[in-house]
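*Asks:* Here's a sequence, model it:
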Amino acid sequence: MPKAIRIHQTGDPTVMRWEPFDPGEPAPGEVRLRQEAVGLNFIDIYHRTGLYPLPTLPAIPGLEGAGVVESVGEGVTEFKAGDRVAYAGVPPGAYAQVRCIPAHRLVSLPEGISTLKAAGMMLRGMTARYLLYGCYPVKKGDRILVHAAAGGVGSLLCQWGRHLGAEVIGTVGSAEKAEVAKQNGCQHPILYGETNFVEAVKTLTDGRGVDVVYDGVGKATFMQSLDCLRPMGTMVSFGQASGSVAPLDIGVLSAKGSLFLTRPSLMAYTAKREDLLAHARDLFTVVENGAVNITIGQTYPLAEAARAHRDLEARKTKGSTVLIP
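*Replies:* Numbering: from 1, shown residues only. Prediction:
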């Protein structure tokens, strides 16, 4: 019987159990997928800890994967057995060797993209797409600030932002990560532990500030990020790796220059089938033409997902992490 990582209660990584799991046959509108690779993301940690509650327990976490279609349910016409597909987003259940998933959440993989690469790029890549096109339409000449510029989403934002013609400023935690960010198109990496990044940004922009801040760090960077923006700039808070952002008096946005603030999600931006396909299409295009390079920094056996979670929480990982079923 196939196996999966299941959690019967929320908590630290020890709550994840590697146990037999039979997903059954696909229901109408579903596909049964034999997974070849599963993406690891910070939202998986939020689900495991209960910060973002899963619908029911026990549950199989994970929102990203890629593999080969084994069979299709009644009414599915877009896919057939043997097709290579990938996905990112709800419903959860990716931490499994075999799963059933609604067909409308899948996208076909181009020949030039492996399932390993797909599992390391779908969620982060489509996140980068809605951040750069949806939350704030980045164009040539814009100045953008990317926190955690050497991380999974950060490295893609730097590359894709440069491809769009932006001047990219990024914060990183070490000289080694600064070099990684620079290789990914970040022209101005700032070591936040050694330098006040607000002052550095103001110096780099001649006191004006950046057009948009992309902040997946949260508590540790949020308020200072607002001070990095130009008047009527856009603050995009899309994660909270350092903890939840404290409640905000929205008058602060006015006082700091009539700022815009959004807390977006991939699920909202790709809820419609046509939007999901557009995000995937744009992502595949920049990857296949070489504008964006996907770096799989490390892989772990899916059975060792607990170790992978510990390493991600300890910020020991680089680029994308993929779990192998």
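
*Asks:* Dump the longest strand along the chain to PDB, keeping only the CA atoms.
*Replies:* Counting residues, the longest strand found in the chain (DSSP state E) is strand 30-40. Output in PDB follows, covering the C-alpha atoms of strand 30-40 (Å, rounded to 0.1, in the frame of the first residue of the first chain):
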ATOM      1  CA  GLU A  30     -10.600  14.000 -10.000                       C
ATOM      2  CA  VAL A  31      -7.300  12.500 -11.100                       C
ATOM      3  CA  ARG A  32      -5.300   9.800  -9.300                       C
ATOM      4  CA  LEU A  33      -1.700  11.000  -9.300                       C
ATOM      5  CA  ARG A  34       1.500   9.000  -8.700                       C
ATOM      6  CA  GLN A  35       3.700  11.600  -7.300                       C
ATOM      7  CA  GLU A  36       7.400  11.800  -8.200                       C
ATOM      8  CA  ALA A  37       8.300  15.000  -6.200                       C
ATOM      9  CA  VAL A  38       6.700  17.100  -3.500                       C
ATOM     10  CA  GLY A  39       7.500  20.700  -2.700                       C
ATOM     11  CA  LEU A  40       8.300  21.900   0.800                       C
END
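
*Asks:* Which secondary structure elements does that strand sit against?
*Replies:* Secondary-structure packing of strand 30-40 (3 or more Cβ pairs under 8 Å, 6 or more residues apart in numbering; DSSP states H and E): strand 64-72, strand 84-88, strand 98-102, helix 115-119, helix 122-130, helix 305-313, strand 320-324. Glycine gets a C-beta too; all of them are placed from N, C-alpha and C.

*Asks:* Give me the most central residue, this structure.
*Replies:* The chain has Arg124 as the residue nearest its centroid, 3.0 Å off, counting by Cα atoms, centre = their mean.

*Asks:* How about the contacts made by that one?
*Replies:* Counting by Cβ atoms under 8 Å, 6 or more residues apart in numbering, Arg124 touches 39, 41, 152-153, 156, 320.

*Asks:* Leaving out the residues flanking it, which one is nearest to Arg162?
*Replies:* Spatial nearest neighbour of Arg162, excluding adjacent residues (Cβ to Cβ, 6 or more residues apart in numbering): Gly185 at 3.6 Å.

*Asks:* Now do that neighbour, the pLDDT please.
*Replies:* At Gly185, the model reports a pLDDT of 94.

*Asks:* Over to it: give its phi and psi.
*Replies:* Main-chain torsions, Gly185, degrees, to the nearest 10: phi 100, psi 0.

*Asks:* So it sits against Gly161, correct?
*Replies:* Yes. Using Cβ atoms under 8 Å, Gly185 is in contact with Gly161, at 6.9 Å.

*Asks:* Please enumerate the shared neighbours of the two.
*Replies:* Contacts common to Gly185 and Gly161, judged by Cβ under 8 Å, 6+ apart, are Val168.

*Asks:* on that earlier part again, by neighbours, which of the contacts of Arg124 wins?
*Replies:* Neighbour tally across those (other Cβ atoms under 10 Å): the maximum, 31 neighbours, falls on Leu156.

*Asks:* Mind checking what secondary structure it has?
*Replies:* Classification of Leu156 using DSSP: H, G, I helix; E, B strand; the rest coil returns helix.

*Asks:* For it, give its distance to Met126.
*Replies:* Per Cβ to Cβ, to the nearest Å, Leu156 is found 10 Å from Met126.

*Asks:* before we move on, back to that, what pLDDT does the residue nearest to the centre of the chain get?
*Replies:* pLDDT at Arg124 comes out at 93.

*Asks:* And it, how close does it get to Pro91?
*Replies:* Arg124 is 19 Å from Pro91, by Cβ to Cβ.
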